[in-house]
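In: sequence first, then the predicted structure:
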Amino acid sequence: MARDSFIFYRSFLEAIKCMPSEVQAEIYPAIVEYALNGKEPKGLSDIAKGVFILIKPVMDANNARSEGGKKGKKFGKLGGRPAKDRAVSSAISDKPNVTPGYTLTLEQEIEEMRADRSWNEPVCMQFHIREDELGKRLDSFLNHCRCEYEGKPHDNINDAKRHFCSWMRKAYTSHAEPEDAQELPPPSYEFNGGFGGQDV
């Protein structure tokens, strides 16, 4: 396969410059012929053959990378995956993150969250609440979703759980000081002695 260009590294030049001029005269055309036309050199001296053997894998890797880029060009300038088939996603066109076959109602989502012990125990620990308090907050969340989102279910159960935790952080974040916090007395600026002397 013929190419119009190839990468020639400075390290190639510096290695070849160390060789005698007759070896340089052999190796340069061999590299160019292989890189542009893919023809393996024949009849090289032992030194030229050794240099070519060291340089060949680097040229092969660059050529493979170049070929891969040409194949990816049809997917975009910088490569990337092929475009999705629009017909496949027509059933869930208005909600792109909807899990196919997801049929739970909002009320069923709340019941599922209430029953999922592997989820609600960590949530109770995270928000420092008991299980009965979690049940009350799930009821409040249900009312919130009915009012704010007209009772529409989430895209999937994981989305419902994430929404609940996010809502909890906002709805139950207290900026007030705890009731048992005692107010500290105001600082006293009364003079109690001299500099370096005893307090009286």
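Out: Everything's here; your move. Residues are numbered from 1 along each chain as shown.
In: can you list the domains in this protein?
Out: As assigned by automatic domain parsing, the chain contains the domains 10-75, 98-171.
In: I'd like those domains as TSV, with mean pLDDT appended.
Out: Shown next, in TSV, are the domains of the chain (pLDDT from 0 to 100):
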stretch	mean pLDDT
domain 10-75	85
domain 98-171	88
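In: including distance to residue 186 and mean neighbour count, could the ones you listed go into a markdown table?
Out: (Each C-beta comes from the backbone N, C-alpha and C, glycine too.) As requested, the domains of the chain are exported to a markdown table (distance: least, C-beta to C-beta, whole Å; neighbours: other C-beta atoms under 10 Å):
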| stretch | distance to residue 186 | mean neighbour count |
| --- | --- | --- |
| domain 10-75 | 70 | 14 |
| domain 98-171 | 32 | 14 |
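In: so for residue 188, which of these sits nearest?
Out: Nearest to residue 188 among the domains of the chain is domain 98-171 (36.9 Å), distances taken as C-beta to C-beta.
In: distance from the chain centre to the closest one, please.
Out: Here domain 98-171 is found 26 Å from its chain centre; the criterion is C-alpha atoms, centre = their mean, to the nearest Å.
In: same question, stretch 51-58
Out: In this view, stretch 51-58 has its centroid 37 Å away from the chain centroid, taken as C-alpha atoms, centre = their mean.
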